[in-house]
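In: here is a sequence together with a model predicted from it:
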Amino acid sequence: MLILKKEDYEKMLKHCQDGLPNEACGLIAGRIEGDTKTVEKVYLLINMDESREHFTMDPREQLAAVKDVRKNGLELLGNFHSHPESPSRPSEEDKLLAYDSASEYLILSLMEEEPALNAFHIDKDKNVSRNEIKIIT
């Protein structure tokens, strides 16, 4: 299970909406206790591709975020990105580019009036499984 504060969800949602019509992206960090990952910090990054269909995180921003994660004693839990015009599920490109089967891959779909956020694991064989997200106040 992934636990996400409502204010962090809203921060991610605003970043993704502000990035329209392109995909937006970022990293999530926090703590792991057993099978539960709790997000404590969200890093909003630039999509260098400025594309509706894919994203590339700015390497300098990624490095700064990883340094901040370490400085704060957190663990990098995964990343998030938006799908402006497609469902909240990994695309073939998302599966191909997935680099860490322990990471959470959050996808926020903005194609419908009501946004949809889902978390996924993508294993080394590119099999996808969904992880439960609990949004707390």
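Out: That came in fine, so what should we check first?
In: now do the helices in this protein.
Out: Assignment of helices within the chain using DSSP state H yields the ranges 6-18, 59-71, 92-97.
In: I'd like those as TSV, with mean neighbour count, mean pLDDT and distance to residue 124 appended.
Out: Where you see a C-beta, it was placed from the backbone N, CA and C, and this is true even at glycine. Listed next are the helices of the chain as TSV, based on neighbours: other Cβ atoms under 10 Å; pLDDT from 0 to 100; distance: least, Cβ to Cβ, whole Å:
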stretch	mean neighbour count	mean pLDDT	distance to residue 124
helix 6-18	16	98	27
helix 59-71	14	97	22
helix 92-97	13	89	11
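In: can I get the ones you listed in TSV with distance to residue 127?
Out: Below are the helices of the chain laid out as TSV (distance: least, Cβ to Cβ, whole Å):
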stretch	distance to residue 127
helix 6-18	25
helix 59-71	26
helix 92-97	9
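In: among these, which is nearest residue 110?
Out: helix 6-18 (6.2 Å; Cβ to Cβ).
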